[in-house]
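Enquirer: Got a sequence here, can you model it:
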Amino acid sequence: MASSSKPFLGLLLSITCLMQLLMAAAADPPPERPCEKKSDREMRYMFSQWMAKYAKQYSCPEEEEKRYQVWKDNTDFIGGFASQTEISSGVGAFAPQTITDSFVGMNRFGDLNSDEFVQQFTGFNSTGFRAPLPTPIPPQHSWLPCCVDWRSTGAVTGVKFQGSCASCWAFAAAAAIEGLHRIKTGELVSLSEQVMVDCDTGSNGCGGGRSDTALGLLASRGGVTSEERYPYTGVRGGCDVGKLLSGHSASVSGFAAVPPNDERQLALAVARQPVTVYIDASAPKFQFYKGGVYRGPCAAGRVNHAVTIVGYCENIGGDKYWIAKNSWSSDWGDQGYVYLAKDVWWPQGTCGLATSPFYPTA
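Expert: Numbers count the residues shown, from 1 in each chain. All right, here's what the predicted structure looks like:
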């Protein structure tokens, strides 16, 4: 009899233990899952690494937390494009290739929302803007090569960084003059953006400006001094008139406007030299552009940023794109460049690039 009761007692004990476990589970909340806590730790660690990479410092813990939340939102946005195929490195190496649609990645602008980014890092000021009369390229110069890249001929200086001064217009103008000077003389010189920021009264320094007024100013003075002689500070200072008037490292006699909304005329101009253009750079996808052919989104009928077109390519059976040098450092985009879709069906071009192109003359 005693031996037959042992299985029954064992079963009873098992049922009792099971009931106690169930009651305990019902009474206590479930513990946090280790993976959720780890994910938050990982995100904050990634943010700290990002801060260290770009030497980011914030005024107080509250501001740092605010920037962390913006950075996390931007990281989530970038993650939405993770499935896109990245391009090969050939484009950045100046080799014409068929490349894919654009993709995005984290960069130094990760702690800024779209409005903050546009306010701090664009800079085209349309106030009072009236484009000069265009200068069509003569018919005898109408032959176009399939690909042009002024970087490969040594006519483009390294990518620069405008900082949070809204001076893209000065950088676009300087890059166009640097290219022309190299083509004319064989000498590549990094030219001063600061002289335009300080001295161009038709613009507003770090409050925004226009490449055409900057080119007009330098043409009226006969040229522009070097970056070495008049270095960039990222803030508007008093104009050094002596350096504006003399000691020029590159001559400028005037500037011309490409006929607007005509990508063929723009290509004819770019085949001869780098050209400044105005574009819309307000989309988050543009803020975090990392490579590929950018096709949009863009704001219709609005431009807010200046870049320099330093080439284009029309691959047979592949993508057509403009090569635009930006002034947001080589960390942004494809080594500092953006490839904008060429010969689109709307006349203004991708992000309005064909609306108001200009090039210097010497």
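Enquirer: Residue ranges of each domain in the chain, please.
Expert: Domain segmentation of the chain under automatic domain parsing yields 35-79, 103-361.
Enquirer: and among those domains, the most buried is which?
Expert: domain 103-361 (a mean of 20; mean count of other C-beta atoms under 10 Å). (Glycine included, C-beta is placed from N, CA and C.)
Enquirer: From the chain's centroid, how far away is that domain?
Expert: 12 Å (C-alpha atoms, centre = their mean, to the nearest Å).
Enquirer: Export the domains of the chain as JSON lines, with columns for mean pLDDT.
Expert: What follows is the domains of the chain, written out as JSON lines (pLDDT from 0 to 100):
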{"stretch": "domain 35-79", "mean pLDDT": "89"}
{"stretch": "domain 103-361", "mean pLDDT": "92"}
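Enquirer: how about the residue nearest to residue 228 when sequence neighbours are not counted, what does it touch?
Expert: Among residues not flanking residue 228 along the chain, residue 190 sits closest, at 7.3 Å (C-beta to C-beta, 6 or more residues apart in numbering). Neighbour list for residue 190: 157, 158, 178, 226, 227, 228 [criterion: C-beta atoms under 8 Å, 6 or more residues apart in numbering].
Enquirer: With residue 188 instead?
Expert: 154, 155, 156, 157, 178, 181, 182.
Enquirer: Look up how far residue 310 lies from the first one.
Expert: The reference is to residue 154. 12 Å (C-beta to C-beta, to the nearest Å).
Enquirer: hey, what's in contact with both of those two?
Expert: Joint contacts of residue 154 and residue 310 (C-beta under 8 Å, 6+ apart) do not exist.
Enquirer: State whether residue 109 and residue 121 are indeed in contact, as I suppose.
Expert: Yes. Using C-beta atoms under 8 Å, residue 109 is in contact with residue 121, at 7.0 Å.
Enquirer: anything in contact with each of those two?
Expert: residue 328.
Enquirer: What backbone torsions are found at residue 251?
Expert: phi -90, psi 150 (degrees, to the nearest 10).
Enquirer: before we move on, what about the one 10 residues further on?
Expert: Its backbone dihedrals place residue 261 at phi 60, psi 40, with angles given as degrees, to the nearest 10.
Enquirer: Which residue, neighbours along the chain excluded, lies closest to it?
Expert: Spatial nearest neighbour of residue 261, chain neighbours left out: residue 347 (3.8 Å); criterion: C-beta to C-beta, 6+ apart.
Enquirer: try residue 332
Expert: In space, residue 332 is closest to residue 107, 5.2 Å off (C-beta to C-beta, 6+ apart).
Enquirer: Next, the contact list for that neighbour, please.
Expert: 288, 290, 331, 332.
Enquirer: Next, work out how far apart it and residue 53 are.
Expert: 10 Å.
Enquirer: before we move on, the earlier item: who are the contact partners of the residue nearest to residue 261?
Expert: 261, 262, 354.
Enquirer: quick one: contacts for residue 172?
Expert: By C-beta under 8 Å, 6+ apart, the contact set of residue 172 is 211, 276, 277, 306, 307, 308, 327.
Enquirer: In helices only, show me those residues.
Expert: Secondary structure defined by DSSP state H assigns residue 211 of the contacts of residue 172 to helices.
Enquirer: partners of the longest strand that the chain contains, with directions?
Expert: Counting residues, the longest strand in the chain under DSSP state E turns out to be strand 305-314. Strand 305-314 has the following sheet partners, assigned by DSSP bridges: strand 147-149 (antiparallel), strand 275-279 (antiparallel), strand 320-325 (antiparallel).
Enquirer: I am finished for the moment; much appreciated.
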